[in-house]
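>>> 3D, please:
(one chain, ligands or ions: 2)
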Amino acid sequence: MTDKLIIFDTTLRDGEQSPGASMTRDEKLRIARQLERLKVDVIEAGFPASSVGDFECVQAIARAIKDATVCGLSRANDRDISRAAEALKDAANARIHTFIATSALHMEKKLRMTPDQVFEQAKQSVRFARNLVADVEFSPEDGYRSDVDFLCRVIEAVINEGATTINVPDTVGYAIPELYGNFIKTLRERVPNSDKAIWSVHCHNDLGMAVANSLAGVKIGGARQVECTINGLGERAGNCSLEEVVMAVKTRRDYFGLDIGIDTKHILATSRMVSQTTGFVVQPNKAVVGANAFAHASGIHQDGVLKARDTYEIMRAEDVGWSHNKIVLGKLSGRNAFKQRLLDLGVSMESESDINAAFARFKELADRKSEIFDEDILALVSDESVAHDNEQYGFVSLSQHSETGERPQASVVFTVNGKEVKGESDGNGPVDASLKAIEMHVQSGAEMVLYSVNAISGSTESQGEVTVRLQNSGRVVNGTGSDPDIVVASAKAYLSALNKLQSKADRVSAQG
Ligand code: KIV
Ligand code: ZN
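Numbers count the residues shown, from 1 in each chain. Ligands and ions are numbered 1, 2, ... in the order given. Down below sits the predicted model:
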C-alpha cells in the first residue's frame, strides 16, 4: 500500500454540474492550468460525450496540461468511451473514467436493466477502455447504496478486465463517516483482487459530511485517492472540498500518515479563481478559504495569537496563500509588469490583442482605484461583460440618478451583436432601475433567482463583484460582473448572464 494520497479534482466535471456553474472553454483552460500549478494529481476535465463543447474543452485541456493526468468521464458504452479516448488523445497522461449505476434503485428505475446486464456492461466497457488507454477508472454510481455482494462481484470483474482505479461514489450524500469507512474496508477485504487497483472515494455533501466521509474512507477504508472540487463546488450541496480534505490530511499528518503532492500556497488563488469564474461566492466562515478563516475577532483570541500563534491557529494562513493577498500593481505599472502578473496568477492569454484589451481595462481600473490586488486582476480578466466575438451583449456605459425620496432612474448603453443600444427605466433602487433598463430592451423574460454583491478585497475602495442567476425555460445560468461601482457591476453581471442564456448548451448529465 502506497503512503501517498492521490488528489483527483473534479471541479471541471462534477463541480460544473452545479446549476449555473457552466464555464467557457477559456475559463476551463485557465482553471485547469491553475490546478496544474496547485499540483493536483488528476484533473477530471469534463464529460466529452455530453456535448461538442465539452469534448473541445477536454481536448484543449489534454493538450495544455503536462504534469497532471487528464481524465474524461464516460458512461459505460463504446460510443462515450471512444469519444473520451479521442478527446484525450494528445494528453501526456490520459485516464478514462467510466461509470454505471449499481444500486437496485438506479438499475431498476433509471437504467431499467437487470443486475446481470449491468454486470456485463461494466465488464465490457472496462475491457473496451483498456484497449484505448492504460489508465482506466471505474465507478459504480450510487455505489454506497448498492448491495455489497453485487458490488463485490462487479468490482472483482472490472479489476480483472484491467481497471486501475476503483472509485466508490456516495452519489446522493447519504453516508455517515464510520459506516462509509467500513464499507470501503469491507469491499477491499472481500474483493479477491482488490490489491490490483487503487481505491478511491467520491462523496457528495447532502448531509454536510462529504469531507468527513472521504477522510473516513481513507483512514478506515484504506482508500488512496480522494475525488474533490475546489470550494466544494457541485450539484445540490456540492462535493467534498479539496482545500478542506488536503489541509486536514496535511495538518493531521500525525493521524493520517499520508503524503500529498499539493502545493498548498496556491489554494486561495485557486479558490478565488473558481468562485469568480462560476459566480459561486465562498461563505466568509468557510474553512481554509473563507474571508474569516484566519480572522480572530474576540479580544481573548487576538491576545493569545499575538503571544503565541499556535494558541488559536492550527494552520498558517500563508501556507494556503493568504499572505499573497498583497498590493501588486498600480497606476504606474507597465504592460510587461501586468503581463508577468497574469502569468504568475496562472492566466495565459493566447493573443496579444487579448492582453492589450485586458491591459486597457487594468489602466482604466487603476485610474479609479489606487491599489490593485491579485483579486482585482482575476476579476478583470474573468469579466464576462466584455463582449467577445461570439457573444450577443456587451456593456458600454451607465448613468443613474438616485436621491432620497425620489424614484431612481437609470440609462444603460450596451451592445447587441455589436450595435449600440440604450435602455432607460426607473426602479426601486439604482440596481433595479439599471437591470430593468436592460431588460426593457432585451425582453428575455428570464426570472432572476439570485442576486449577490461581494467586496473583492474588503474595503469600500474595493471592487464590487456581483453574481446574477437567471432562469429561463428550465435553464439556469450565473453571470458575474465586477467594478468599483456596484451598479455598473450589476449591469455587467446581468449582461453576462443574458449571454450565457443565449449560448446553446444542450448537454447530457452524468447522473441523467
Ligand atoms: O456522484 C457520482 O456518482 C458521480 C459519478 C459519475 C462518478 O459523479
Ligand atoms: Zn459525483
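>>> which intervals of this structure have sub-threshold pLDDT?
Where the chain drops to pLDDT under 70, the residues are 1-2, 296-299, 302, 323-328, 345-346, 348, 350, 382-390, 458, 504-512.
>>> Where does the record place the domain boundaries for it?
4-278, 291-319, 320-385 (automatic domain parsing).
>>> Mind jotting down where the strands sit in the stretch 51-200 of the chain?
69-75, 94-101, 136-141, 165-170, 198-203 (DSSP state E, counting those that start in this stretch).
>>> in what helix or strand does the residue of the chain most remote from its centre lie?
Taking C-alpha atoms, centre = their mean, the residue of the chain most remote from its mean C-alpha position is residue 405, at 43.2 Å. Following DSSP states H and E, one finds residue 405 outside all helices and strands.
>>> any idea how far residue 436 is from it?
20 Å (C-beta to C-beta, to the nearest Å). For the C-beta atoms, the positions are set from N, CA and C on the backbone; glycine is no exception.
>>> Could you tell me which residues of the chain lie near ligand 1?
Contact residues (C-beta under 6 Å from any ligand atom) of the chain with ligand 1: 14, 99, 139, 141, 169, 171, 202, 204, 510.
>>> Residue 145 is in contact with the fifth one, correct?
No. Shown here, residue 169 and residue 145 do not form a contact pair, counting by C-beta atoms under 8 Å, at 9.8 Å.
>>> Neighbour count: the two, which is higher?
Using other C-beta atoms under 10 Å as the criterion, residue 169 and residue 145 rank with residue 169 on top: 24 against 19.
>>> give me the element residue 275 is part of.
Since the elements are taken from DSSP H and E, residue 275 ends up inside helix 267-278.
>>> Can you give the distance of that helix from its chain's centre?
Distance, stretch centre to chain centre, for helix 267-278: 8 Å (C-alpha atoms, centre = their mean, to the nearest Å).
>>> Residue 227 should be in a helix, yeah?
No. Assignment of residue 227 by DSSP: H, G, I helix; E, B strand; the rest coil gives strand, placing it outside any helix.
>>> Just give me the neighbour total for it.
Other residues close to residue 227 by other C-beta under 10 Å number 32.
>>> now the one 3 residues further on
Residue 230 sits with 30 neighbouring residues when counted by other C-beta under 10 Å.
>>> likewise the one 5 residues further on?
A count of neighbours around residue 235, defined by other C-beta under 10 Å, yields 21.
>>> With residue 461 instead?
For residue 461, using other C-beta under 10 Å, the count is 12.
>>> dump the residue contacts of it.
Residues near residue 461 by C-beta atoms under 8 Å, 6 or more residues apart in numbering: 369, 370, 371, 484.
>>> ok, of these, which come out buried?
Buried by 16 or more other C-beta atoms under 10 Å: 369, 371, 484, out of the contacts of residue 461.
>>> Give me the nearest residue to the first one, chain neighbours excluded.
Spelled out, that is residue 369. residue 484 (5.5 Å; C-beta to C-beta, 6 or more residues apart in numbering).
>>> give the contact list for that neighbour.
Going by C-beta under 8 Å, 6+ apart, residue 484 touches 365, 368, 369, 461, 462, 463, 464.
>>> picking up where we left off before, quick one: the strands of the stretch 51-200 of the chain as CSV, columns for distance to residue 271 too.
Formatted as CSV, the strands of the stretch 51-200 of the chain follow (distance: least, C-beta to C-beta, whole Å):
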stretch, distance to residue 271
strand 69-75, 21
strand 94-101, 24
strand 136-141, 25
strand 165-170, 23
strand 198-203, 19
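>>> Wait, residue 355 touches residue 347, no?
No. Between residue 355 and residue 347 there is no contact under C-beta under 8 Å: 9.8 Å.
>>> So between the two, which is more surrounded?
Between residue 355 and residue 347, counted using other C-beta under 10 Å, residue 347 has the larger neighbour count: 21 against 18.
>>> Which stretches in the stretch 401-512 of the chain count as strands?
For the stretch 401-512 of the chain, the strands defined by DSSP E, counting those that start in this stretch cover 409-416, 419-426, 447-455, 464-472, 475-483.
>>> can you tell me which residues contact residue 469?
Per C-beta under 8 Å, 6+ apart, neighbours of residue 469: 19, 20, 279, 448, 449, 450, 451, 476, 477, 478, 479, 497.
>>> Now list the buried members of these.
By neighbour count, with 16+ other C-beta under 10 Å, the contacts of residue 469 hold 20, 279, 450, 451, 476, 477, 478, 479, 497 as buried.
>>> For the third one, which non-adjacent residue is closest in space?
Counting by C-beta to C-beta, 6+ apart, residue 469 is the residue found nearest to residue 450 once chain neighbours are left out, at 3.7 Å.
>>> what does the first one give?
The shortest distance from residue 20 to any residue that is not its chain neighbour, by C-beta to C-beta, 6+ apart, is 3.6 Å, and that residue is residue 478.
>>> how close does the one you found get to ligand 1?
Separation of residue 478 from ligand 1 (C-beta to the nearest ligand atom, to the nearest Å) stands at 21 Å.
>>> And for residue 491?
Relative to ligand 1, and taking C-beta to the nearest ligand atom, residue 491 is found at 36 Å.
>>> who's in contact with that residue?
385, 395, 398, 412, 414, 434, 435, 438, 481.
>>> Nearest to ligand 1 among these?
Using C-beta to the nearest ligand atom, residue 481 is the member of the contacts of residue 491 that lies nearest ligand 1, at 30.7 Å.
>>> of all the contacts of residue 461, which comes closest to residue 40?
Closest approach between those and residue 40, by C-beta to C-beta: residue 371, at 31.4 Å.
>>> Does the closest one touch residue 365 like I think?
No. Between residue 371 and residue 365 there is no contact under C-beta under 8 Å: 10.6 Å.
>>> And for residue 252, the neighbour number?
The number of residues packed around residue 252, counting by other C-beta under 10 Å, is 14.
>>> what's the spacing between it and residue 219?
Distance from residue 252 to residue 219, by C-beta to C-beta: 10 Å.
>>> Could you do residue 415 as well?
55 Å.
>>> Can you give me every residue that contacts the residue nearest to residue 467 when sequence neighbours are not counted?
The shortest distance from residue 467 to any non-neighbouring residue, by C-beta to C-beta, 6+ apart, is to residue 279 (3.8 Å). Contact analysis of residue 279 by C-beta under 8 Å, 6+ apart lists 20, 21, 467, 468, 469, 478, 479, 480, 493.
>>> Kindly recompute the last result at 6 Å.
Residue 279 makes contact with 467, 478, 480, according to C-beta atoms under 6 Å, 6 or more residues apart in numbering.
>>> still on that earlier bit, in TSV, list the contacts of residue 461 along with secondary structure.
Converted to TSV, these look like this (three-state DSSP):
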residue	secondary structure
369	coil
370	coil
371	coil
484	coil
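>>> Quick check: of these, which lies closest to ligand 1?
Nearest to ligand 1 among these, counting by C-beta to the nearest ligand atom, is residue 484 at 39.5 Å.
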